[in-house]
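Student: Sequence first, predicted coordinates after that:
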Amino acid sequence: MNTPSSPSNGHSGPVGIIAALHQEISELLPLLLDARSVRIGSRDFWTGELDGQAVVVVLSRIGKVAAASTTVALITHFGVRAVVFAGVAGALAPGVSVGDVVVSAELLQHDVDASPLFPRWEIPLTGMARFPADTALARGLLESATAVLADPQALLGAVVMQAFGITEPQVYNGLIVSGDRFVCTSAESTVLRQALPDALAVEMEGAAVAQVCHEWGVPFAAIRTISDRADDAASVDFAQFIAEVDSRYSVAILRKWLSMAGGV
Ligand code: SAH
């Protein structure tokens, strides 16, 4: 097993991989060598080896609290050297389409508002609203995603691409916003887009994980496959999309990244 010589946070533990939805984890688990599970705080943490790297894979379940508490366990029980969140998101920015991939550059909790005591979106007593993703980690995931999406036909097949209207999937790097709401009306996504014009995508976990990782000094980045436009059609064919597009992307991107970069 390779151990990267100088992990950026000084830890030499496994790479933590979190997903919110069961299908995403179920594609990854059969690939783990020497897989063992440990149950902590109502979560099953799967340790093992994937493409030569020690990993811990866990289903956080949906939402910011679920994701934050899972992240604390990854850090305190497993001493992870980095955390990657893989999942789906709704697109906010114009031009970002179903089947594209967004890698986080920074993350913000769009439903936090302690104004006028603190500026809108600022997490009280941290002085921060936007939590940066780890630059090297995000760069590695961007490279892997770009390589994987260069041949979408090989990964998805023509029938699936046509079913979801995917033609030339793009990879973006920028702001991802998170909140405890599934954004599924055009009215709500318009409000978000106006308030946060540089937000590329909206989901329900990433910025919470980013905050915890920032506080513990652990490198973090998120990759999100766009499953919907966060509008009135957002919940159509969700399960099918996860199974046929998102899971395949996530597994391929994570495996390429682990084998290329040695994790971090
Ligand atoms: N209808 C789904 C519910 C999934 S909740 C089901 O039947 O299972 C949405 C999950 O996908 C969350 O983990 C969230 O991070 C992500 N997500 C995808 N699109 C989203 C959107 N438009 N708004 C918020 N979260 C979204």
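Tutor: Yep, it's here. Since we're looking at a predicted model, the values are computed, not measured.
Student: Is Ile223 located within a strand, as I assumed?
Tutor: Yes: Ile223: assigned to a strand according to DSSP: H, G, I helix; E, B strand; the rest coil.
Student: tell me the pLDDT at it?
Tutor: In this prediction, Ile223 carries a pLDDT score of 98.
Student: which residues does it form a beta bridge with?
Tutor: Ala86, Val103 (DSSP bridges).
Student: Could you check which residue of the protein lies nearest the ligand?
Tutor: Gly90 (2.5 Å; C-beta to the nearest ligand atom). Every residue, glycine included, has its C-beta placed from N, CA and C.
Student: mind checking the SS state of that residue?
Tutor: At Gly90, secondary structure determined by three-state DSSP is strand.
Student: isn't it right up against Ala199?
Tutor: No: contact criterion C-beta atoms under 8 Å: Gly90 and Ala199 do not qualify, at 10.4 Å.
Student: so does stretch 147-167 get close to the ligand?
Tutor: No: Stretch 147-167 stays clear of the ligand (C-beta under 6 Å from any ligand atom), getting no nearer than 13.9 Å.
Student: for Ala163, what are its contacts?
Tutor: Neighbouring residues of Ala163 by C-beta atoms under 8 Å, 6 or more residues apart in numbering: Glu244.
Student: Please renumber the chain so that the first residue is 107 from this point on.
Tutor: Taking 107 as the first residue, the last one we looked at is Ala269.
Student: So which residues of the stretch 257-370 of the chain form helices?
Tutor: Assigned by DSSP state H, counting those that start in this stretch, the helices in the stretch 257-370 of the chain fall at 258-262, 264-269, 292-301, 312-322, 344-347, 353-367.
Student: Which neighbouring elements make contact with the last one?
Tutor: If contacts are counted by 3 or more C-beta pairs under 8 Å, 6 or more residues apart in numbering; DSSP states H and E, helix 353-367 sits against strand 121-125, helix 128-134, strand 149-156, strand 188-197, helix 241-255, helix 258-262, strand 326-334.
Student: Kindly report the residues of the stretch 257-370 of the chain close to the ligand.
Tutor: 288-290, 308-311, 333-334, 336, 340-341, 344.
Student: Partner strands of the helix or strand harbouring Ala160 and their direction?
Tutor: When elements are assigned from DSSP states H and E, Ala160 belongs to strand 159-165. Applying DSSP bridges, strand 159-165 is found paired with strand 121-125 (parallel), strand 149-156 (antiparallel).
Student: hmm, it touching the ligand?
Tutor: No: on the criterion C-beta under 6 Å from any ligand atom, strand 159-165 is out of touch with the ligand, staying 10.6 Å away.
Student: about what we covered before: and the helices and strands packed on helix 353-367, which one averages the lowest pLDDT?
Tutor: helix 128-134 (a mean of 90).
Student: Residues in contact with that one: which ones?
Tutor: The contact list for helix 128-134 (C-beta under 8 Å, 6+ apart) reads 123, 125, 152, 156, 163-165, 192-193, 345, 348-349, 352-354, 356-357, 360.
Student: Kindly recompute the last result at 7 Å.
Tutor: With contacts defined as C-beta atoms under 7 Å, 6 or more residues apart in numbering, helix 128-134 is touched by 125, 163, 165, 192-193, 348-349, 352-353, 356-357.
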